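Q: Fold the stuff below for me.
(2 chains)
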2 protein chains.
Amino acid sequence: MPYNGKLIENAAGRMVPTDVNSTAAVPFQGVGKYRPSGRKAAPSIASCNDYPKSGNKIVPDLKTALVNAGIKDGMTISTHHHFRNGDLVANQIFAAAAELGVKDLMWFPSASFPCHAPVIEHMKTGVVHHIEGSMNGPLGDYCTSGQMKGLGVLRSHGGRYQAVQDGEIHIDIAVIAAPTADPFGNANGVNGPSACGSLGFALADSQYADHVIVVTDNLVNFPCVPWQIQGNYVDSVVVMDKIGEPSKIVSGTTEITKSPDRLLIAELTAQFVREAGILRDGFSFQAGAGGTALSFAIFLKDMMKEMGIKARFIRGGSTRYLVEMLEQGLTDYILDGQTFDLDGVRSMRDNPRHVSTSPFTSYNYHGKGNFASMVDVVVLGATEVDINFNANVVTHSDGRLLHGIGGWQNCLFSKCTILPIPSFRDRIPVIVDRVTTLCGPGELIDVIVTERGIVINPQRQDLLDAVTKSSLPIRSITELKHEIEAICGGAPAAPSLGEEIVAVVKWVDGTVLDSIRRVL
Amino acid sequence: MPYNGKLIENAAGRMVPTDVNSTAAVPFQGVGKYRPSGRKAAPSIASCNDYPKSGNKIVPDLKTALVNAGIKDGMTISTHHHFRNGDLVANQIFAAAAELGVKDLMWFPSASFPCHAPVIEHMKTGVVHHIEGSMNGPLGDYCTSGQMKGLGVLRSHGGRYQAVQDGEIHIDIAVIAAPTADPFGNANGVNGPSACGSLGFALADSQYADHVIVVTDNLVNFPCVPWQIQGNYVDSVVVMDKIGEPSKIVSGTTEITKSPDRLLIAELTAQFVREAGILRDGFSFQAGAGGTALSFAIFLKDMMKEMGIKARFIRGGSTRYLVEMLEQGLTDYILDGQTFDLDGVRSMRDNPRHVSTSPFTSYNYHGKGNFASMVDVVVLGATEVDINFNANVVTHSDGRLLHGIGGWQNCLFSKCTILPIPSFRDRIPVIVDRVTTLCGPGELIDVIVTERGIVINPQRQDLLDAVTKSSLPIRSITELKHEIEAICGGAPAAPSLGEEIVAVVKWVDGTVLDSIRRVL
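A: This next block holds a predicted model:
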């Protein structure tokens, strides 16, 4: 049921629940303010006594594996989303659970996609109680409609690792779909007909879950090399005909934009990076797989060639555009958490300079540092940004939850975070007084680039100074906002929301950053 | 002080202490009989708040790093032994500790070597209280002389990982000497002037220690690829001129034997492997770096070529002989925990089929299986074997502790464990009534090969049957023992030992397998 309990105002001025799915929750205390105490989760000690000496952990089918894992009411089942909208495994888990008469499972995916819409039926029949994890599309919509029994909990990739590592989430059974595996459970994503690149989103699951099931459609003799997932963490292996739809595993968003406005945004972003002095030999950047981000990378590439400079590393999600940069010697390394096309998969498989990363190395805020803060410039999307530079990436202006957080929050810790966004979408302004859902505190968002000009966060005087003599169209946020509202005929209408809370957004440190309310 | 407390007889009939260095100890209960309970060690939760956003964790020197780590009396300091007798770092740690006036440290190396003899002085002055870890040479001798203040605790590579993972040993400060590292603490052993191959012996230390210091003489810009040690576990990085003597990093025992007796033993061993039907396409083997083991591998290689077969994998310690087999297509993979020569280092660096392993993947008995039990045949050394096939690998017949266990105990779980050993050394029989120190229970030792014939453990009727029609010189152990004693003029003299216990040998599951007494 949606949450109607006690709320408390957090350091971002947002009202958040004091407990989330019956567990006490810490309200957001400000960036870098919350100090964790205690110790990491401690999995049970296993013994080789209990595993076959032959190393052969194959069981006949997924249902048997779930039964062997002791599946029962109320358990938490995790999956990864490296197959994106081509995943064929998660639905089978819950179909098997339904056949077994199991109820009230919590599904803990690293992300869910439209292909997982059948889980809505399982929520209606009570097999699945609720979902904690990114909900892209229909599952998010179902959540904001107020029908889910528990609260949705949205975490970044790093936040998901942190939650498992810190014991906020205990995974009873992890099911890891693997494009290649051996009978011992060593597994990777770079080989086989369903190759998806990395399996990093399942790393925490393998390390901390009580019971780990690897599911593959490409069984090889021991050893499966590389072993992105280590068989020493795995309890059983299931072989099935097909674990993913290859055509849907690669993302649909890996084409450069053809929109003149978005091309302009991409070019302005690249120009800003150059004018601000970020573009220099040995620099690093991260851009996603959206059309604008890809176009940005291409503009950047041309500038790098012109300047005769080379990046030290580029962060993936990788595409053929990044792979080309690696192969043309424009970067020493690609450090890559997920591959978005088959060139990315091939490169990660064959090129030792295309390195698979994980949410632990890249994003976990409760580690001894992570990679994200070392990136010189990162380019991210947003559904809304407000006049204090706070940004939203999960809900639309109508309040519907349609996107996950991904690595977005984690990337905000880069040395320069840029949001290249159109100033309006469907005649709805993107720059608003107050974002519907707070996903990223404004103090971490440095630059907004629109087709109508560039806004620099006043807290970044260094960046303002750096471009003061440039010809870049630098604007103030209020000025830009007024201009956009004049075009669109005013500020966007407030979404029609109920009082009940249906989901929360966690910050990278596990505290509660904002609440998401039921859409009326 | 040596232990004079309560003893209890364990399942192997050995008297062992009920507590070891003031911690209650479980006596050995039989192979596969002890069932661990409880949960793994749980390190403190860290936060990126406490680490530089730049990723630069460099501190000026080792002493500063130790001070920053809060070094104080009674702490446990760990090191790895990938540099073997060429290590230049461990002695500097204790020299710094002495300068800081710190006392009663416990040194927890993965192994110590003659180059670490200066630690004896630190034990005499009280800087170091005692050592838990393999003691090769003078430190072992010091231990059995009865002068060490605590009990030596000998663990296998897998047992060391198990002890850290299970929380039997809490490492306060791990110092990881790394041939290449970046300022974030990512590190590897395959690059740089002190390249040693893998850093796997330091894996548990990096994962579980409170404070992790990486020491390197080859600093590279982030990212150091591959990152065998992950910077996300590292607190600080120290750069110094030289961390190891390259000429001593590679083992001195990587030449094939010239002794006619040992060549015969090696050849008989290879013949046994063939006649027993183990040598077939897709098989696997492990042999160490000693002269006999290397010669065995060469005989095996010739047989494989003759038979037109290929191994699926070979376990290292690798040498140029194994690298040649990989490069000639005689094996799909080398799975390698440590490289014994520069060809091994080169191959691990450049050949994706030469895979770095760790005590976690290979040997940890408290995992969900490990690699050791999947190996078809393993060839190991021994100082003594008794008529029940029990073997000793740490003490000599005079009782002096001169060798570590290495991966020896872990490898006993292979499908066929062979000890190719000379029947006597210095006119002292190697086959005895009862081994001075029990390191490996006889039920796990399948075959003994000497220059005077081959003995098969009567528990392995399958192996007896397999070679029954061969021309191999199969003998019984008592028959062989009598023959050797006739040559040597009788059984070896009993060592002259005191009652006090100076060290214990742990089994792979953390239980106490045997005690080592003071040499009078």
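
Q: Show me the shaky parts of chain A.
A: Applying pLDDT under 70 to chain A flags residues A:1, A:251-254.

Q: do you know how far the residue nearest the centre of it is from A:Gly337?
A: For chain A, the residue sitting closest to the mean C-alpha position, by C-alpha atoms, centre = their mean, is A:Gly406 at 1.3 Å. Per C-beta to C-beta, to the nearest Å, A:Gly406 is found 9 Å from A:Gly337. Bear in mind the C-beta positions are built from the backbone N, C-alpha and C, glycine included.

Q: cool, and A:Asp73?
A: 34 Å.

Q: which parts of the stretch 301-450 of chain A sit against chain B?
A: Counting by C-beta under 8 Å from any C-beta of the partner chain, the residues of the stretch 301-450 of chain A lying close to chain B are A:312-313, A:333, A:335, A:352-353, A:355, A:360-361, A:364-371, A:373-374, A:413.

Q: Can you go through those and name the buried ones?
A: Among those, those classed as buried by 16 or more other C-beta atoms under 10 Å in any protein chain shown are A:312-313, A:333, A:335, A:355, A:360-361, A:364-371, A:373-374, A:413.

Q: Identify those among the residues of the stretch 301-450 of chain A next to chain B that sit within helices.
A: A:360-361 (DSSP state H).

Q: Output the helix or strand encompassing A:Thr64 in CSV with nothing but the alpha carbons.
A: Secondary structure assigned from DSSP states H and E places A:Thr64 in helix A:62-68. Provided in CSV are the C-alpha atoms of helix A:62-68 (Å, rounded to 0.1, in the frame of the first residue of the first chain):
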residue,chain,number,x,y,z
LEU,A,62,15.4,-22.7,-13.1
LYS,A,63,12.5,-24.0,-10.9
THR,A,64,14.7,-26.7,-9.4
ALA,A,65,17.4,-24.1,-8.7
LEU,A,66,14.9,-21.9,-7.0
VAL,A,67,13.6,-24.8,-4.9
ASN,A,68,17.2,-25.8,-4.0
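
Q: Please identify the buried residues of the longest strand seen in chain A?
A: Longest strand in chain A, counting residues (DSSP state E): strand A:497-506. Neighbour counts over strand A:497-506 (16+ other C-beta under 10 Å) mark A:497, A:501-506 as buried.

Q: May I see the residues you listed organised as JSON lines, with distance to B:Asp446 added?
A: As requested, the buried residues of strand A:497-506 are exported to JSON lines (distance: C-beta to C-beta, whole Å):
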{"residue": "A:Leu497", "distance to B:Asp446": "71"}
{"residue": "A:Ile501", "distance to B:Asp446": "64"}
{"residue": "A:Val502", "distance to B:Asp446": "63"}
{"residue": "A:Ala503", "distance to B:Asp446": "59"}
{"residue": "A:Val504", "distance to B:Asp446": "59"}
{"residue": "A:Val505", "distance to B:Asp446": "59"}
{"residue": "A:Lys506", "distance to B:Asp446": "54"}
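
Q: of those residues, list those near chain B.
A: Within the buried residues of strand A:497-506, nothing lies near chain B by C-beta under 8 Å from any C-beta.

Q: hmm, back to that, overlap in contacts of A:Gly406 and A:Gly337?
A: A:His157 (C-beta atoms under 8 Å, 6 or more residues apart in numbering or on different chains).

Q: Show me which residues of the stretch 1-150 of chain A sit near chain B.
A: Applying C-beta under 8 Å from any C-beta, we find that the stretch 1-150 of chain A lies next to chain B at A:32, A:35-55, A:57.

Q: go with 7 Å
A: A:32, A:35-36, A:38-49, A:51, A:53-55 (C-beta under 7 Å from any C-beta of the partner chain).

Q: Go through those residues and flag which are in strands.
A: Per DSSP E, the residues of the stretch 1-150 of chain A next to chain B never map to strands.

Q: ChimeraX command for the buried members of those?
A: Buried residues within the residues of the stretch 1-150 of chain A next to chain B, by 16+ other C-beta under 10 Å, are selected in ChimeraX with:
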select /A:36,40,41,43,45,46,47,48,51,53,55
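
Q: Surely A:Cys143 is in contact with A:Ala503?
A: Yes. Assessed by C-beta atoms under 7 Å, A:Cys143 is found in contact with A:Ala503 at 5.5 Å.

Q: Quickly list what's touching both of these two.
A: A:152, A:401 (C-beta atoms under 7 Å, 6 or more residues apart in numbering or on different chains).

Q: Please name the residues that touch A:Ile456.
A: Neighbours of A:Ile456 in contact, by C-beta under 7 Å, 6+ apart: A:446-447, A:463-464, A:474.

Q: one more time with 10 Å, if that's ok
A: Neighbour list for A:Ile456: A:272, A:276, A:389, A:418, A:446-449, A:462-467, A:472, A:474-477 [criterion: C-beta atoms under 10 Å, 6 or more residues apart in numbering or on different chains].

Q: Quick one: name the residues of the stretch 151-300 of chain A near chain B.
A: A:158, A:162, A:165-167, A:182-186, A:207-208, A:211-212, A:221-223, A:225-227, A:230-236, A:282, A:284 (C-beta under 10 Å from any C-beta of the partner chain).

Q: A:Pro260: how many residues sit nearby?
A: 9 (other C-beta atoms under 10 Å in any protein chain shown).

Q: I meant to write A:Phe299 there.
A: A:Phe299, neighbours per other C-beta under 10 Å, totals 19.

Q: Look up how far A:Ile445 lies from the closest residue to it other than its chain neighbours.
A: Distance criterion C-beta to C-beta, 6 or more residues apart in numbering or on different chains; nearest residue to A:Phe299, sequence neighbours excluded, is A:Ala270 at 3.6 Å. A:Ala270 sits at a distance of 18 Å from A:Ile445 (criterion: C-beta to C-beta).

Q: list the buried ones in stretch A:5-20?
A: A:7, A:10-12, A:14, A:16-17, A:20.

Q: meant to ask about stretch A:64-81, not that
A: Those would be A:65-66, A:69, A:71, A:75-81, for stretch A:64-81 by 16+ other C-beta under 10 Å.

Q: Can you redo those residues as TSV, where the extra columns are secondary structure?
A: Shown next, in TSV, are these (DSSP: H, G, I helix; E, B strand; the rest coil):
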residue	secondary structure
A:Ala65	helix
A:Leu66	helix
A:Ala69	coil
A:Ile71	coil
A:Met75	coil
A:Thr76	strand
A:Ile77	strand
A:Ser78	strand
A:Thr79	strand
A:His80	coil
A:His81	coil
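
Q: Alright, that wraps it up for me.
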